[in-house]
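Peer 1: can you look at this prediction? I've put the sequence above it.
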Amino acid sequence: MNRDHRTVIDDCGAEDGARQEGGSNQAQLERIASHVRAILVELGLDLTDHNLKDTDIRVAKLYEEMFHGLKEGSEPRVTTFPNEEGYSHMVMEKDIPFYSMCSHHLVPFYGRAHMAYIPADRIIGLSKFARILEFYAKRPQLQERLTEQVVGFLEEKLHPLGAMVVIDARHLCVEMRGVKKPGALTVTSAIRGIFHQRPVRAEFLDLLRRS
Ligand code: ZN
């Protein structure tokens, strides 16, 4: 237990570690940490409490990681390939886990995304689905917008016959505060092209139901 705790502190950079790395990233981390520190002070917390030692920098690093999608150059390079096989059916990747932060409260919402498209001339590697999702999830986000952005990305890069994304997620801002509905799932969907046709959507849902 102690050892684990120590590891966390080491990973997050004690005074001699991460705080001395160079570059503008470090300057930004320091600025975020100083704002976090101000919040803790405002809350009346005793910053000499050893449990709060380096909390400011840990939170700053957490934000850097959780909001990584905002960084310039973080958009995934998605190479598309010619659809040489002439595949014209649904390609689906389902149950892709993700973690994001709700832009209203900056607390996590997390769940699974199910993404599908029906190719026209271009296809993408299956691993790219998760990278696209990650890019849009790692920022202050709304589930509705996340769903739209992911399907929009597929459309823009692939020009498929159609695409569909369904996301189901738990929102800690709903579960921890306000109406307090633990376990409630929010489901959003976004569709493009041929997925506007009911039988195509039905096929998506059928594939989704299969274990
Ligand atoms: Zn929220």
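Peer 2: Sure thing, it's come through. Residues are numbered from 1 along each chain as shown.
Peer 1: quick check: residues of the protein near the ion?
Peer 2: Taking CB under 5 Å from the ion as the contact definition, the chain meets the ion at 102, 104-105, 173. In short, each C-beta sits where N, CA and C put it, glycine included.
Peer 1: scan the chain for its longest helix.
Peer 2: Assignment by DSSP state H gives helix 24-42 as the longest helix of the chain.
Peer 1: for that helix, which residues meet the burial criterion?
Peer 2: For helix 24-42, burial by neighbour count (16 or more other CB atoms under 10 Å) applies to 29, 32-33, 36-37, 40.
Peer 1: now, which of those sits nearest Glu148?
Peer 2: Comparing these against Glu148 with CB to CB places Ile32 closest, at 28.2 Å.
Peer 1: report the contact partners of the closest one.
Peer 2: By CB atoms under 8 Å, 6 or more residues apart in numbering, Ile32 lies in contact with 59-60, 63-64.
Peer 1: of all residues in the chain, which one is nearest the centre?
Peer 2: Closest residue to the average C-alpha location of the chain: Ala137 at 2.2 Å, with CA atoms, centre = their mean.
Peer 1: Ile57 - how many residues pack around it?
Peer 2: Here the number of neighbours of Ile57 (other CB atoms under 10 Å) works out to 24.
Peer 1: now do the one 3 residues further on
Peer 2: Burial measure for Ala60: 24 neighbouring residues, criterion other CB under 10 Å.
Peer 1: and Arg145, by the same measure?
Peer 2: Using other CB under 10 Å, Arg145 has 15 other residues around it.
Peer 1: that one: what secondary structure?
Peer 2: Of the three states, Arg145 takes helix under DSSP: H, G, I helix; E, B strand; the rest coil.
Peer 1: and Thr188, by the same measure?
Peer 2: strand.
Peer 1: quick one on the thing from earlier: His196 versus the residue nearest to the centre of the chain, what's the distance?
Peer 2: 26 Å (CB to CB, to the nearest Å).
Peer 1: what's the answer for Glu64, then?
Peer 2: Distance, Glu64 to His196, by CB to CB: 39 Å.
Peer 1: with neighbour numbers in mind, choose between the two.
Peer 2: Neighbours around Glu64 and His196, counted as other CB under 10 Å, are more numerous at Glu64. The numbers are 16 against 11.
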